[in-house]
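>>> task: produce atomic coordinates for the following.
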Amino acid sequence: MPNRLADQSSPYLLQHQDNPVDWYPWNDEALSRARQENKPIFLSIGYSACHWCHVMEHESFEDTRIAELLNDRFINIKVDREERPDLDQIYMDSVQAMTGHGGWPMSVFLTPDGQPFFAGTYFPPSPRMNMPSFEQVIMGVDNAWQNRQDKALEQAAEICEHLGRASQTPPSHDEVPLSLDLIDDAVRGIMASVDRQCGGFGTAPKFPHAMTLRLMLNAWARTNEADLLEQIEFCLTNMAAGGIYDHIGGGFARYTVDRRWLVPHFEKMLYDNALLTGIYLDAFLATGNPVYRKVVVGTIDYIVRDMTNPDGGFYSSEDADSEGEEGKFYVWTVDEIKSALGDENAELFCAAYDITEKGNFEGKNIPNLLNGLQVALELADGNAELLRDRLEVSRDTLFEVRKERIHPGKDDKILANWNGLMIDAMARAGLALDRTDYVDTAIKAAQFLLDNLMKDDRLLHSYRQGVSQFNGYLDDYACLANSLVTLYEVTADSQWLKQALTLCKQIVEHFHDDQLGGFFYTSDDHESLIFRNKDA
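Coordinates of the predicted model:
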């Protein structure tokens, strides 16, 4: 029998509608019941493309014993972090404060007033790798609430005071002059963390950090410092060659689990692809490297083909899993390649794209160009043009074969903030690459947002299947306003600038902190939460 999530619009919440857990969405009914019964809240936050969210659902939330324990002891609330980034920010801050790390699924235990007193992320069904089982967590939290409730309340209050303090920091009386020295200091810190062996930052897991790369590229444009551009190109080139980029269908996965950019967590997020499109475009304009142009075109073509609503606007994400397996849609065996391409073309493709009998991912293969192009060039008798043409034909053939597979799930919410990022990148790419079709798609998306997410000059956050909901957040206004300015620059149509100014006026009126300065993440008429966050 479906639970209370059955009437929600979020694909992520709907994935949990048949769980035996008595889930509530985040609403007054759930919070009121928690206060009336003096029951703690179990808050689970995730998103539809999240692999480990699916794992925890299958292992724990579909388990009748775990469901009974949760239903007897807690008010259980499920939240889509993409619909409610305000809740996600607040409670992720609490997870990080209590554990030193974060991630999804987020598992937070709250007092009836919504204050966190115990938190974590994924918990397994049985103890492993120094993690307790989820059942042990449930029983431990319940024991603490039943027998040491005063201590739990005290701890929750301390955490909230600590987290809320950051948003209430008064302006410094010491004037710090705004100068390029601040940016130079930041860039020096970034350069100290670059991975000079594989590109990017840190070791594993490896995230693209597109905004960091943009700061570096802007700094290079000002200073012409050779090492900056070298590290930017090293990172972008390795990502374009690695498994994080989908060489068959275009687009980027969210991150890789390894240092080399080879093995992705296969979910594809709109915001990653928007930001990476932008940085690859600017790198192409700065260097003329045709690989970067190819990535821009491949990524936008993927978005237009697979992630665009026919009426305008862009969908949020594609899942990592299909048929219950992570990455199944994207990986290949040698026999599958031979069957699709024939022996001669398969030999060339497998050499170039690291396709072996042993495999590079759980016995199968993630196509990548990290090492194989030189071997493939030798097989093509050193004829680079011939190699390029044959590989292109092979990729097209494999794309047609892959289309027949069961596709990963798609989260078809249309979010104002992420759409703003994609509109900006697509419009700029259309202008730079002389692709009027890209500009037209960006215009259609912007008009769709203005038609469906604007009400009385105020912006809403999310649209799905005719339903627009949730007050717009600061980044909704900022990202959409920025994209409308870009459309004005690209088209010279003043209507976009006028709409951008309307949004900016709303930001100042409803988000600005008139006492301490800065901007809150939520508007002044938003639902009251445990504190009002300022997101840097």
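>>> give me the mean pLDDT for stretch 319-329.
Per-region confidence: stretch 319-329 scores 93 on mean pLDDT.
>>> how about stretch 402-418?
pLDDT averaged over stretch 402-418 gives 98.
>>> contacts for whatever helix or strand Val291 lives in, please.
According to DSSP states H and E, Val291 maps onto helix 290-306. Contact with helix 290-306 is made by 236-237, 240, 245-246, 249-252, 270, 273, 276-277, 280-281, 283-284, 314, 318, 410, 422, 425-426, 429, 433, 437-438, 441, as judged by Cβ atoms under 8 Å, 6 or more residues apart in numbering. To be clear about C-beta, it is placed using only N, CA and C from the backbone, and glycine gets the same treatment.
>>> quick one: strands adjacent to the helix or strand just after it?
Elements were assigned by DSSP H and E; along the chain past helix 290-306, the next helix or strand is strand 317-318. Partner strands and pairing direction for strand 317-318 (DSSP bridges) are strand 268-269 (antiparallel), strand 410-411 (antiparallel).
>>> could you dump these to CSV with mean neighbour count and distance to Asp493?
Listed next are the strands paired with strand 317-318 as CSV, based on neighbours: other Cβ atoms under 10 Å; distance: least, Cβ to Cβ, whole Å:
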stretch, mean neighbour count, distance to Asp493
strand 268-269, 25, 30
strand 410-411, 21, 31
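>>> of these, which approaches Asn19 most closely?
Set against Asn19 and scored by Cβ to Cβ, these come closest in strand 410-411, at 18.2 Å.
>>> distance from the chain centre to the closest one, please.
Distance of strand 410-411 from the chain centroid (Cα atoms, centre = their mean, to the nearest Å) equals 13 Å.
>>> quick one: low-confidence ranges for this structure?
1, 171-173 (pLDDT under 70).
>>> who's sitting farthest from the centroid in it?
Distance from the C-alpha centroid of the chain, by Cα atoms, centre = their mean, peaks at Asp381 (42.3 Å).
>>> contacts only, for that one.
Counting by Cβ under 8 Å, 6+ apart, Asp381 makes contact with nothing.
>>> for the remainder of this discussion, apply numbering that starts at 29.
All right, first residue 29 from here; so that's Asp409.
>>> on the three-state scheme, it is what?
Here Asp409 is coil, with the state taken from DSSP: H, G, I helix; E, B strand; the rest coil.
>>> and the gap between it and Val403?
13 Å (Cβ to Cβ, to the nearest Å).
>>> strands of the stretch 329-478 of the chain, start to end?
Using DSSP state E, counting those that start in this stretch, the strands found in the stretch 329-478 of the chain span residues 345-346, 349-350, 353-354, 438-439, 442-443.
>>> select, out of these, the one closest to Asn337.
Nearest of these to Asn337, taken as Cβ to Cβ: strand 442-443 at 6.2 Å.
>>> pairing partners for that closest one, with directions?
Counting by DSSP bridges, strand 442-443 is paired with strand 486-492 (antiparallel).
>>> after the strand it pairs with, which helix or strand is next? Please name it.
Following strand 486-492 toward the C-terminus (DSSP H and E): strand 495-499.
>>> so what touches that following strand?
37, 111-112, 480-481, 483, 486, 488-490, 550-551, 553-555.
>>> list the buried residues in it.
Across strand 495-499, burial judged by 16 or more other Cβ atoms under 10 Å covers 496, 498-499.
>>> contacting residues around Trp54?
105, 107, 112, 115.
>>> likewise for Asp347?
76-77, 82, 294-295, 436-439.
>>> and the host helix or strand of Arg193, what does it pack onto?
Secondary structure from DSSP H and E places Arg193 in helix 177-195. On a contact count with 3 or more Cβ pairs under 8 Å, 6 or more residues apart in numbering; DSSP states H and E, helix 177-195 meets helix 113-127, strand 144-148, helix 162-175.
>>> thank you, goodbye.
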